[in-house]
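Colleague: Structure for this input, please:
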Amino acid sequence: MKEIISLQIGKCGNNIGTQFWELLCYEHGLNPAGIYRGACAEFQLQFISNYFREIRGMRYVPRAIMIDLDREAMESVKSSVCASMFRDDNFVYGTNGTGNNWAKAHLTEGVQLKESILEVTRREAENTDCLHGFQIIHSIGGGTGSGLTALLMNSLKDEYSSRNLSTFTVVPSPDDPKSGMEIYNAVLAMSHLVIHGDATYFADNQALHRLFTGIPKMAHYELTDLNHVISSAISGITTCMRFRGHCSTDFRKITLNYVPFPRMHFFVPALAPIVPRSDMRPKTNSVAELLHSLFVPKKLFVECDMSNGKILTVAFFVRGNVCMKDVINKLEEIQDKNSSKFVEWVPDNAKAFVYELPASLMSVSATMISNTTAIQHLLKRLKDQFYSMFRRKAFLTPYTSEGMEEMEFEEAASSLTDLVDEYKASQVSRTDTGTPSRKSKASLKED
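Modeller: Numbers count the residues shown, from 1 in each chain. Predicted structure coming up:
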């Protein structure tokens with residue numbers, strides 16, 4: 001087994017995390033109480049222990065820890081459809097909140113809660129046979145999601161240095177009225193994601209709002225629709241840990257094969273088809289339609305200019321009863337048409353993984369993760385917004401009053417600048433430096 005312990009941190013992380021577990025229950029045939037009621041045990045239960053722990057005859061409990069510094073924010077989880085599945089002692093929360101302040105979560109309020117969280121984490125780790133790693137669902141805009149996550153990532157890497165640490169990270173929109181402090185929170189958190197994370201899958205609020213407004217039937221979407229789409233993408237990415245497929249991969253192999261340099265582990269996801277949470281009608285799409293739509297810029301979960309970027313590596317997780325050869329042929333066709341968008345110095349940089357068990361209400365679905373130099377546009381946006389405020393010393397008092405120094409802001413921004421420069425440098429062909437250039441083709445072989 002390759003167990004994953006999931007930590008959902010802050011209000012956003014818990015809202016998305018709760019919908020993620022609702023999807024997993026459906027896909028693995030569990031009812032809201034965690035009891036198996038599915039009809040395809042061969043597929044649904046084979047690797048279920050990677051995300052669930054069986055406590056007694058066919059009753060399962062998520063390997064999940066629900067964390068927030070605001071007790072009231074946890075009520076939405078406790079009132080959710082699958083609330084009875086979670087262990088009561090896996091809810092860890094404070095009482096004071098953070099006031100959307102990274103420093104409170106990282107230096108004061110979060111420190112008081114850290115040991116309690118780690119104790120629960122250790123207990124969950126002891127209940128695994130072969131712990132593969134951790135996944136964190138959070139937002140870097142909120143105080144808890146940014147500051148407490150950074151604090152915990154540091155501790156997790158110290159204590160479980162050989163385990164994979166992946167994050168599903170929501171990035172704040174510049175149009176948000178609270179964006180002043182959210183941008184500071186995001187930049188401060190990014191420096192820890194760079195150092196301690198093995199893979200980060202972004203969901204950019206600005207891109208998601210644009211994506212939804214571009215779909216007529218979703219023009220009047222709600223927050224639950226946004227969270228549903230993000231949780232669906234997480235479900236798609238974690239398919240590799242949960243079901244048997246025609247090819248094999250896992251979180252550690254993703255880090256090994258799709259991260260060319262350790263700091264450059266930030267992925268742009270895409271999902272097809274995209275439907276609102278309220279739409280319960282079965283969906284039928286062709287493989288060709290789905291894979292083609294994943295390359296449409298407006299379908300990406302990150303607002304970035306793909307025309308001014310290069311794809312370093314890309315992976316596709318296709319679900320449903322599809323022909324592997326059809327997937328390979330379509331991907332090779334897409335690669336040939338978009339050959340200028342791929343770097344030449346990374347061999348075999350496009351792969352597909354096919355899983356027979358379809359996603360909820362889908363005959364066929366697909367999720368893409370792309371490690372692309374175009375991510376620098378999102379990072380540069382954060383950096384530019386940061387400096388536009390920092391030069392004026394705007395919003396600094398809430399942070400300095402908790403013990404932070406201005407130098408810490410400058411160091412975080414410098415780390416982000418370095419990351420932008422690294423992605424820029426990787427966009428250039430490396431054949432001049434002696435690294436062999438090799439045209440790659442889409443592959444379905446095992447990692």
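Colleague: Every contact and neighbour count from this point should use C-alpha atoms.
Modeller: Noted.
Colleague: Show the contacting residues for Cys82.
Modeller: The neighbours of Cys82, taking C-alpha atoms under 8 Å, 6 or more residues apart in numbering as the test, are Thr18, Trp21, Glu22, Pro32, Ala33, Gly34.
Colleague: repeat that with 7 Å
Modeller: Going by C-alpha atoms under 7 Å, 6 or more residues apart in numbering, Cys82 touches Glu22, Pro32, Ala33.
Colleague: same check, this time on Val187
Modeller: Counted by C-alpha under 7 Å, 6+ apart, Val187 has contacts Leu382, Ala412, Ala413.
Colleague: what's the spacing between the first one and Glu422?
Modeller: For Leu382, the distance to Glu422 (C-alpha to C-alpha, to the nearest Å) stands at 16 Å.
Colleague: Can I get the contacts of Cys82 in JSON lines including distance to Arg392, neighbour count and pLDDT?
Modeller: Shown next, in JSON lines, are the contacts of Cys82 (distance: C-alpha to C-alpha, whole Å; neighbours: other C-alpha atoms under 10 Å; pLDDT from 0 to 100):
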{"residue": "Glu22", "distance to Arg392": "45", "neighbour count": "20", "pLDDT": "96"}
{"residue": "Pro32", "distance to Arg392": "51", "neighbour count": "17", "pLDDT": "94"}
{"residue": "Ala33", "distance to Arg392": "53", "neighbour count": "16", "pLDDT": "94"}
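Colleague: May I have the predicted confidence score for Phe47?
Modeller: With respect to pLDDT, Phe47 has a value of 96.
Colleague: Surely it touches Cys240?
Modeller: No - using C-alpha atoms under 7 Å, Phe47 is not in contact with Cys240; the gap is 10.0 Å.
Colleague: Next one: the closest residue in space to Ile35 that isn't next to it in sequence from Gly141, what distance?
Modeller: In this structure, Ile35 finds its nearest non-sequential neighbour in Arg59, 4.3 Å apart by C-alpha to C-alpha, 6 or more residues apart in numbering. Using C-alpha to C-alpha, Arg59 is found at 36 Å from Gly141.
Colleague: of the two, who's got more company?
Modeller: Comparing Arg59 with Gly141 by other C-alpha atoms under 10 Å, the one with more neighbours is Gly141, at 29 against 17.
Colleague: okay, the more buried one: pLDDT?
Modeller: At Gly141, pLDDT is 96.
Colleague: Now it. Nearest residue, chain neighbours left out?
Modeller: Glu182 (4.3 Å).
Colleague: wait, what's in contact with the one you found?
Modeller: Gly141, Gly142, Pro172.
Colleague: List the contacts of Val302.
Modeller: Val302 neighbours (C-alpha under 7 Å, 6+ apart): Phe202, Ala203, Asp204, Ala207, Val268.
Colleague: which ones are touching Leu271?
Modeller: Listed by C-alpha under 7 Å, 6+ apart, the contact set of Leu271 reads Ala233, Leu294, Ala366, Thr367, Met368.
Colleague: Return the helix or strand encompassing it as CSV; C-alpha atoms alone will do.
Modeller: Element membership of Leu271, judged by DSSP states H and E, is strand 266-272. Only the C-alpha atoms of strand 266-272 are listed here, as CSV (Å, rounded to 0.1, in the frame of the first residue of the first chain):
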residue,chain,number,x,y,z
PHE,A,266,4.6,24.0,-9.8
PHE,A,267,1.9,22.5,-12.0
VAL,A,268,-0.9,24.0,-14.0
PRO,A,269,-4.0,21.7,-14.0
ALA,A,270,-6.8,21.5,-16.5
LEU,A,271,-10.0,19.4,-16.4
ALA,A,272,-12.5,18.2,-19.0
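Colleague: and the next element down the chain from it?
Modeller: helix 287-294.
Colleague: Packing partners of that next one?
Modeller: strand 266-272, strand 364-372 (3 or more C-alpha pairs under 7 Å, 6 or more residues apart in numbering; DSSP states H and E).
Colleague: which one of the ones you listed lies closest to Lys114?
Modeller: Taking C-alpha to C-alpha, strand 266-272 is the member of these nearest to Lys114, at 26.0 Å.
Colleague: how close does the most centrally placed residue in the chain get to Ile369?
Modeller: Note on the chain: the residue nearest the mean C-alpha position is Phe168, at 2.2 Å, using C-alpha atoms, centre = their mean. Note on Phe168: its distance to Ile369, by C-alpha to C-alpha, is 12 Å.
Colleague: Please apply the same query to Phe86.
Modeller: Distance from Phe86 to Ile369, by C-alpha to C-alpha: 29 Å.
Colleague: So between these two, which is more surrounded?
Modeller: Ile369 (26 against 21).
Colleague: show me the contacts for that one.
Modeller: Taking C-alpha under 7 Å, 6+ apart, one finds Phe267, Val268, Pro269, Ala270, Val314, Ala315, Phe316 in contact with Ile369.
Colleague: What of Phe243?
Modeller: Neighbours of Phe243 in contact, by C-alpha under 7 Å, 6+ apart: Phe43, Phe47, Tyr355.
Colleague: Pull up the gap between it and Arg53, please.
Modeller: For Phe243, the distance to Arg53 - C-alpha to C-alpha - is 16 Å.
Colleague: What values do phi and psi take at Met362?
Modeller: phi -120, psi 140 (degrees, to the nearest 10).
Colleague: distance of it from Asp70?
Modeller: From Met362 to Asp70 the distance is 36 Å (C-alpha to C-alpha).
Colleague: try Asp418
Modeller: Counting by C-alpha to C-alpha, the gap from Asp418 to Asp70 is 34 Å.
Colleague: Ok, Asn371 next?
Modeller: Plainly put, Asn371 is 34 Å away from Asp70 if you go by C-alpha to C-alpha.
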